[in-house]
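Predicted model, plus sequence, below.
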Amino acid sequence: MAQLEVDNIRTAYGLSKVLFGVSLTVEPGEVVALVGRNGVGKTTTMRSIMGMAPPQEGSIRWIDRDITGIPVHHVAKLGIGYVPEDRRIFPELTVWENLDIGRRPPMDGGDGWSEEQVFELFPDLKDIQERKGGVLSGGQQQMLTIARSLMGNPKLLLLDEPSEGLAPIVVESLRDRIQMLKTGGLSIVLAEQNLDFVLFLSDRVHILEKGEVVYTGTPAELRDNPDVQTKYLTV
Amino acid sequence: MQTGYKTTFWISCAIVLLLLLVPTLGSKYLIDLTTEILIYALFALSLNVLIGYSGNISFGHAAYFAIGGYSCAILLTTYELPLIISMPAAIILSGLAAAFVGYFCVKLTDIYFAMLTLAFGMLVWAVAFKWRAVTGGDDGFVGVNVPAFIDNRYGFFYFTLFVVTVSAALLWLICHSAFGRTLVAVRENRVRAGFVGVNTTRLRHTAFVVAGTFAGIAGSLFAMYNRGVYVESAFWTESGQVLIMALLGGLYSFFGPALGAAVLYTLQVGINQYTEYWPVVLGIILLIILMFLPDGIIGLAQKLRSQFSRKA
């Protein structure tokens, strides 16, 4: 039984339909990538899983439980963390407060993430704990958003375009941190335009096109398939 | 940040000490004016929990002020209950009313929220207006039984100062607790707060109840101070006035609304001596705030300070 099972979801914003039957599964500890050009439904798929854009049809199961259409804060408490692509932090709150607000006990008991562990993973954040979120650089904000979702002790992290707008060196460091999280057993759904980033991290890749999954394969298969890359990914 | 809190604490202590000295100045007028300002300051501070901290604009906040006032007056006078029971009961009633109304209002957001608070506010006004047997209707509820120890100018001043200081301190603690900081997060981005696991609806409801409860405290003080409650206290213009007080002082600072209340009320009293067209002046003040002082007096002070420190 997969940890997350998205089954044939159709999602629309008002009259404009975005997803036309997207299905995907995530096994525990797996990194599943969603790739594709702008506007193909990557973000909407994540928003549907999170409960922010509930699908009109289809179902979302999370650890043997139907979570389709339940309120977003419930989804968060059930162990799904979301790192959106837009401005990601609370600018008026300090770094420490940004972390504290995400703090939720782990679902299955145990200790879970502490600030110390989060700072070990993102040492840059440790020295700027008292600084307001609004003054951080883009890279620091991205780290802080991921750190904040970790404070909620998720079992699955939805990462929406984490590398977007970051300097190459920051992207590399971010990639290594995400790799560390993966090694630690966290499942991740990764929406990303940066193909190298995806190929490095993921176990399986889904390509989306016009609200549908048009290709599924391993990173190696996708790497060796220039036709698919040109057809769906080249701008 | 901790040093900032310390400064706030000492400045507040200094202000309370200065206020304690007001009766020694010998002006009865000044004592009355200060008492009134203190009551309005608490009213404006209570509204700021809802507006400044959680970002929900209410046009019906006078309802809880009025409910606190009427309940306290009725319990003290009609039922002849002692103050120690009447006032807490009045405060709890305001809180319960806010809990009931808030339950519906927080289901909506933005302008719909604001309009629903206005609608409920007018319902409270209508009840106060029509329920003559209990509230006195448009004659008002006059002749409130006030206990002997506060049945004089000085006693009431110290009582008000005590109640307002304790209430303001409680509000300060609430606004600077994890709850208050989470409210700020909800104000900044409701959706974002939702996906980090915050139940934003419940949180906004709690803020609504806190705001209503403290407005009830101000209302019950007001009823005892005036020895009466009048239906105007529940009218929407009263909600508008307290909103302007908060705006004038500055929404995004804790003490801003109290300062706004002091300035606006003093202006009102002063200008009423010269002209009956106070609403015209109020309109002009509102225009000036909106055009030139979006962050109120406190915001202006902060801007000036940062400019000076840059020059220095």
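Received the coordinates, thanks. Numbering: from 1, shown residues only, chains lettered A, B, ... in the order given.

make it CA atoms for all contacts and neighbour counts henceforth
Will do.

In the chain, what residue spans correspond to helices?
Let's take chain A. A:42-50, A:72-77, A:95-101, A:115-121, A:123-126, A:138-151, A:168-183, A:195-201, A:219-223, A:226-228 (DSSP state H).

ah, no, chain B please
B:2-21, B:28-48, B:62-77, B:83-105, B:110-130, B:132-135, B:153-175, B:178-188, B:190-195, B:200-226, B:236-249, B:256-272, B:278-292, B:296-311.

right, so of the ones you listed, which gets closest to A:Leu19?
helix B:190-195 (21.0 Å; C-alpha to C-alpha).

How much space separates whichever residue of chain B sits closest to chain A from A:Ala76?
At 4.2 Å from chain A, B:Gly197 is the closest residue in chain B, using C-alpha to the nearest C-alpha. B:Gly197 sits 5 Å away from A:Ala76, taking C-alpha to C-alpha, to the nearest Å as the criterion.

what residues are shared contacts of these two?
A:Gly152 (C-alpha atoms under 8 Å, 6 or more residues apart in numbering or on different chains).

re the thing from before, can I get the helices of chain A in CSV with mean neighbour count?
Converted to CSV, the helices of chain A look like this (neighbours: other C-alpha atoms under 10 Å in any protein chain shown):
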stretch, mean neighbour count
helix A:42-50, 25
helix A:72-77, 24
helix A:95-101, 23
helix A:115-121, 15
helix A:123-126, 16
helix A:138-151, 24
helix A:168-183, 15
helix A:195-201, 17
helix A:219-223, 16
helix A:226-228, 12
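
I'd like a version of those helices in TSV, one that adds distance to chain B as further columns.
Listed next are those as TSV, based on distance: least, C-alpha to the nearest C-alpha, whole Å:
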stretch	distance to chain B
helix A:42-50	7
helix A:72-77	4
helix A:95-101	7
helix A:115-121	16
helix A:123-126	17
helix A:138-151	7
helix A:168-183	18
helix A:195-201	24
helix A:219-223	30
helix A:226-228	34
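
Can I get these in JSON lines including distance to B:Leu203?
Formatted as JSON lines, these follow (distance: least, C-alpha to C-alpha, whole Å):
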{"stretch": "helix A:42-50", "distance to B:Leu203": "20"}
{"stretch": "helix A:72-77", "distance to B:Leu203": "12"}
{"stretch": "helix A:95-101", "distance to B:Leu203": "13"}
{"stretch": "helix A:115-121", "distance to B:Leu203": "24"}
{"stretch": "helix A:123-126", "distance to B:Leu203": "28"}
{"stretch": "helix A:138-151", "distance to B:Leu203": "20"}
{"stretch": "helix A:168-183", "distance to B:Leu203": "32"}
{"stretch": "helix A:195-201", "distance to B:Leu203": "38"}
{"stretch": "helix A:219-223", "distance to B:Leu203": "44"}
{"stretch": "helix A:226-228", "distance to B:Leu203": "48"}
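
now these as TSV including mean pLDDT?
Formatted as TSV, the helices of chain A follow (pLDDT from 0 to 100):
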stretch	mean pLDDT
helix A:42-50	94
helix A:72-77	92
helix A:95-101	93
helix A:115-121	89
helix A:123-126	90
helix A:138-151	90
helix A:168-183	91
helix A:195-201	93
helix A:219-223	92
helix A:226-228	88
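
which one is residue 96 nearest to, not counting chain neighbours?
I'll assume chain A. A:Gln129 (5.0 Å; C-alpha to C-alpha, 6 or more residues apart in numbering or on different chains).

wrong chain, I was asking about chain B
Nearest to B:Leu96 is B:Val209, by C-alpha to C-alpha, 6+ apart, at 7.5 Å.

That neighbour reaches B:Cys105, doesn't it?
No. Taking C-alpha atoms under 8 Å as the definition, B:Val209 is not a contact partner of B:Cys105, at 11.4 Å.

So, low pLDDT: which residues of the stretch 201-312 of chain B?
The stretch 201-312 of chain B contains residues with pLDDT under 70 at B:312.

measure the spatially most central residue of chain B to B:Ser306 for me?
Nearest residue to the geometric centre of chain B (C-alpha atoms, centre = their mean): B:Phe43, 1.3 Å. Counting by C-alpha to C-alpha, the separation of B:Phe43 from B:Ser306 is 30 Å.
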